[in-house]
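Chemist: sequence below, structure please.
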Amino acid sequence: MSFLNDLKVLYHLLLRPVRGKDHAQRMENFYAGQAEHYDDFRKRLLQGRQEVYERLGQSHQGTWVDFGGGTGANLEFIGPAISKFENIYVVDLAESLLGVVQKRVSKNGWGNVQAVAADATRWSPPSGQVDVVTFSYSLTMIPDWFGAIENALRILRPGGSIGVIDFYVARKYPAQGLAKHGWFNRTFWPVWFSGDNVFPSADHLPFLEQHFKRQWLVEKRAKVPYMPLVRTPYYQFIGTKTSSD
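Modeler: Just a heads-up that it's a prediction; the model follows:
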């Protein structure tokens, strides 16, 4: 990827105002000018996706919903196992990103993948229930993120899995065994990301753990392009819907 393309993406990330009357318009306004270069830049920033998608692809089949799935690049992490899924839905509000999904579907010959323009807090697949739901760096961009998680819980079959990778900050007093972040990280990252309508939360992990049985959790830090001394916190979570939910 060229430095000029990086500059174009950075302009949309750091300088260009995000406008729109509702969340769908703001998402399209934010991504329309950078959709074609979205994946090259973000693969250096959005760490941890491959492990989650590989794990879920190896352990499941049936129907998969990728909420806030963007350009569909996440699906490439599933590998050959993608063929054993009957239906995979990439759900997003940004039409420009979904246009890239269509190109990727044609390029890879994914006859089981569909791009859907819809709201993650309300959308349901035609089949009603699904086997896998994922959110890859999308919960922090969904204003009603708890509603999105509750919708995922609603459409998952008992025994189905949710996978989430996203930026976050820890609570000041996190539960035992979870990472603890200092004042700077808890304060800086929400302010830094908010200009792009990305809101790292201290409540994502606790909310996920209240609603799903944890199968796998890793808390890490990722490098930020062009900021060599900076590491932003992110987590990888896989949980299961129990029969009692």
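
Chemist: could you list the single helix or strand in this structure with the lowest mean pLDDT?
Modeler: The weakest-scoring helix or strand in the chain, judged by mean pLDDT, DSSP states H and E, is helix 3-10 (a mean of 47).

Chemist: so where do the helices sit in the protein?
Modeler: 3-10, 23-31, 38-45, 49-59, 95-108, 145-155, 183-194, 204-211 (DSSP state H).

Chemist: turn those helices into TSV, columns for distance to I88 and mean neighbour count.
Modeler: Just so you know, the C-beta spots here come from the backbone N, C-alpha and C atoms, and that holds for glycine as well. Shown next, in TSV, are the helices of the chain (distance: least, C-beta to C-beta, whole Å; neighbours: other C-beta atoms under 10 Å):
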stretch	distance to I88	mean neighbour count
helix 3-10	26	14
helix 23-31	21	19
helix 38-45	18	17
helix 49-59	10	18
helix 95-108	10	17
helix 145-155	14	19
helix 183-194	28	14
helix 204-211	22	17
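
Chemist: hmm, E150 and F207 touching each other?
Modeler: No: applying C-beta atoms under 8 Å as the test, F207 and E150 come out as separate, 9.2 Å apart.

Chemist: identify the residues contacting the closest residue to P233 other than its chain neighbours.
Modeler: Nearest non-adjacent residue to P233, counting by C-beta to C-beta, 6 or more residues apart in numbering: R221, 5.5 Å away. Applying C-beta atoms under 8 Å, 6 or more residues apart in numbering, one finds that R221 lies in contact with 231-234.

Chemist: distance of R221 relative to Y168?
Modeler: Using C-beta to C-beta, to the nearest Å, one gets 11 Å for the distance from R221 to Y168.

Chemist: shared neighbours, those two?
Modeler: Joint contacts of R221 and Y168 (C-beta under 8 Å, 6+ apart) are 233-234.

Chemist: which residues does R231 bridge with?
Modeler: Assessed by DSSP bridges, R231 has beta-bridge partners K223.

Chemist: show me the contacts for the nearest residue to F167 once chain neighbours are set aside.
Modeler: Excluding the flanking residues, the one nearest F167 by C-beta to C-beta, 6+ apart is P200, at 4.4 Å. By C-beta under 8 Å, 6+ apart, the contact set of P200 is 140, 166-169, 189-190, 193, 233.
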